[in-house]
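A.B. asks: got a structure for you, letters missing:
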């Protein structure tokens, strides 16, 4: 979906899948799939915090490792091969599930209580940190712009940097 810009607003950064957009005035999340759509838009002056969270399910590793070790021990105890195979298979499936279910989430909170969150699947760590750096710089510039009455000293709207 094409982002409709406000008067004097410029696009600074947009995720490759166009889900998250950062402009000189706001940050916007637009997710759509099938019959559902989710849009959150937050003015930069309302951004109060930004975080990157790493989410995983460590219990999958613990249970998977215990099952796999139990399978190996059962093999040496000459337990029925079907039980050994089942223990090893379940342990392996849980270990694979752990690695497949890990993800990073960027969460941006506003001072009004709303939260803009998105997964960073497929994005390199440096790109995600760069996005947060860009957000902080854009907010700082926006706050300076608003404190100066909305224009730079030359009477022109403040422009941060070109879209990447």
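C.D. replies: That came in fine, so what should we check first? The structure presented is a predicted model; accordingly, all values stated were derived computationally and were not measured.
A.B. asks: hang on, residue 93 is in a strand, isn't it?
C.D. replies: No. Counting by DSSP: H, G, I helix; E, B strand; the rest coil, residue 93 is located in no strand; its state is helix.
A.B. asks: which other helices and strands contact the longest helix along the chain?
C.D. replies: When the chain is parsed with DSSP state H, its longest helix is helix 125-147. Of the remaining helices and strands, those touching helix 125-147 by 3 or more Cβ pairs under 8 Å, 6 or more residues apart in numbering; DSSP states H and E are strand 11-14, strand 20-23, strand 47-55, strand 103-110. Every C-beta, even on glycine, is put in place using the N, C-alpha and C of the backbone.
A.B. asks: okay, the ones you listed in CSV with mean pLDDT next?
C.D. replies: Below are the helices and strands packed on helix 125-147 laid out as CSV (pLDDT from 0 to 100):
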stretch, mean pLDDT
strand 11-14, 88
strand 20-23, 90
strand 47-55, 89
strand 103-110, 89
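A.B. asks: tell me the most buried of those strands?
C.D. replies: Mean neighbour count (mean count of other Cβ atoms under 10 Å) peaks for strand 20-23 among those, with a mean of 22.
A.B. asks: helix/strand/coil for residue 67?
C.D. replies: Residue 67 ends up helix, using three-state DSSP.
A.B. asks: could you chop this protein up by domain?
C.D. replies: 11-48+123-147, 58-101 (automatic domain parsing).
A.B. asks: and of those domains, who's closest to residue 111?
C.D. replies: Among these, domain 11-48+123-147 comes nearest to residue 111, with 4.3 Å by Cβ to Cβ.
A.B. asks: okay, how far is it across the closest one, tip to tip?
C.D. replies: Taking Cα to Cα, to the nearest Å, domain 11-48+123-147 runs 21 Å from one end to the other.
A.B. asks: just say helix, strand or coil for the spatially closest residue to residue 30 that is not a sequence neighbour.
C.D. replies: Leaving aside its chain neighbours, residue 30 sits nearest to residue 39 (5.0 Å; criterion: Cβ to Cβ, 6 or more residues apart in numbering). Recorded secondary structure, residue 39: strand (three-state DSSP).
A.B. asks: wait, residue 39 touches residue 29, no?
C.D. replies: Yes. Using Cβ atoms under 8 Å, residue 39 is in contact with residue 29, at 6.8 Å.
A.B. asks: alright, calling it a day.
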